[in-house]
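*Asks:* Turn this into a structure:
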Amino acid sequence: MYLDEIRVYNICMDFDIDMKRRDFIRFISVLGVCFIMPNSTNAKEVRRILENEDREGFYIRFYKPFNSVDPSKWMLKIGGLCENPKSFNLPGIQQLQKATQTSRMKCVECWSGKARWGGFRPQTLFDIVKPKKQAKFLYFYSADYYYEFISLEDLLKPRVLFVYEMNNVPLPDIHGGPLRLIIPFKYGYKNVKTIVRLDFVEKEGIGYWSKFGYSQDGTVQPGKDYALDLKEEKVLKKSGEPDY
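*Replies:* Below is the predicted model:
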């Protein structure tokens, strides 16, 4: 017997045996709602486990299952080799100069998905925090303890975007909300999701997946790809961002 059923049973046993049937049913109905429906405060605190899933149109990928992030409590901390360390909440980053683009995210597993992304360019952020001259790389750290290193040179290339919107709605937690990176000429493991910290550093470290043999550079290479949004196999003929 489940715990909630035991609680209901014990409460019911305390009632007078002569309780009218209709009153008993009414009581059970109300009690059931109390067990099933959390109050408004608790509902805001509900978190779910994010796991890999092959969803139509755009697969869900994380390096391990983890608890989703509450956007109202999320913070982005920026530090390391910069003149003006900052912390932003979600409304704060949404006030930065906005940029949008439609681009494809290519996974090293040979699938890809295309979306319209909304967010801000790295340069917009760099202008605020002011990286020091010796800073050459940005260290990314995620809510699930994932980490990656990307050069400032790559981050300042065209079409790189810090993203908080996907297809004109807030970026879903399953795809890296509240904030992720989109760098279309790099494989998905370089497109860091659920970012909570950024540190400017002088030297490049080894990213999480590169410890297991993935390319440290992560540039998309020619080869076969299954475009989920098009539902067809494609052949990428040159390295870099897919053009389909």
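
*Asks:* so where do the strands sit in the protein?
*Replies:* Along the chain, the segments classed as strands by DSSP state E run 49-50, 66-67, 75-80, 86-89, 99-106, 111-120, 137-142, 147-151, 161-166, 169-170, 180-182, 195-201, 223-227, 232-236.

*Asks:* Quick one: mean pLDDT over the first one.
*Replies:* Think strand 49-50. Regarding strand 49-50, the rounded mean pLDDT is 94.

*Asks:* helices or strands up against that strand?
*Replies:* strand 66-67 (3 or more C-beta pairs under 8 Å, 6 or more residues apart in numbering; DSSP states H and E). C-beta coordinates here come from the backbone N, C-alpha and C atoms, glycine included.

*Asks:* What pairs with the strand it packs on, parallel or antiparallel?
*Replies:* Strand 66-67 pairs in its sheet with strand 49-50 (antiparallel), by DSSP bridges.

*Asks:* G223 versus the closest residue to Q216 other than its chain neighbours, what's the distance?
*Replies:* Sequence neighbours aside, S210 is the residue nearest to Q216 in space, at 4.6 Å (criterion: C-beta to C-beta, 6 or more residues apart in numbering). Distance of S210 to G223, computed by C-beta to C-beta, to the nearest Å: 19 Å.

*Asks:* With neighbour numbers in mind, choose between these two.
*Replies:* Of the pair S210 and G223, S210 is the one with more neighbours under other C-beta atoms under 10 Å, namely 18 against 12.

*Asks:* Would you agree that one is in contact with D217?
*Replies:* No - using C-beta atoms under 8 Å as the test, S210 is too far from D217 to be in contact (9.1 Å).

*Asks:* residue ranges of the helices in the protein, please?
*Replies:* When assigned using DSSP state H, the helices of the chain occupy the ranges 3-13, 21-36, 40-45, 90-94, 122-129, 152-155.

*Asks:* helices and strands around the fifth one, which ones?
*Replies:* In other words, helix 122-129. Using 3+ C-beta pairs under 8 Å, 6+ apart: helix 122-129 touches helix 152-155.

*Asks:* What residues of the helix it packs on count as buried?
*Replies:* 152, 154-155 (16 or more other C-beta atoms under 10 Å).

*Asks:* for the residue nearest to the spatial centre of the chain, what are its contacts?
*Replies:* Most central in the chain under C-alpha atoms, centre = their mean is G176, positioned 1.1 Å from the mean C-alpha point. Contacts for G176 were tallied using C-beta atoms under 8 Å, 6 or more residues apart in numbering; they are 163, 191-195.

*Asks:* remind me which residues of the chain are low pLDDT?
*Replies:* 1-46 (pLDDT under 70).

*Asks:* same thing but 50
*Replies:* 1-45 (pLDDT under 50).

*Asks:* Which segments of it make up each domain?
*Replies:* 3-39, 51-236 (automatic domain parsing).

*Asks:* so which of those is the most packed in?
*Replies:* Counting by mean count of other C-beta atoms under 10 Å, domain 51-236 has the highest mean neighbour count of the domains of the chain, with a mean of 17.

*Asks:* Good, wrapping up.
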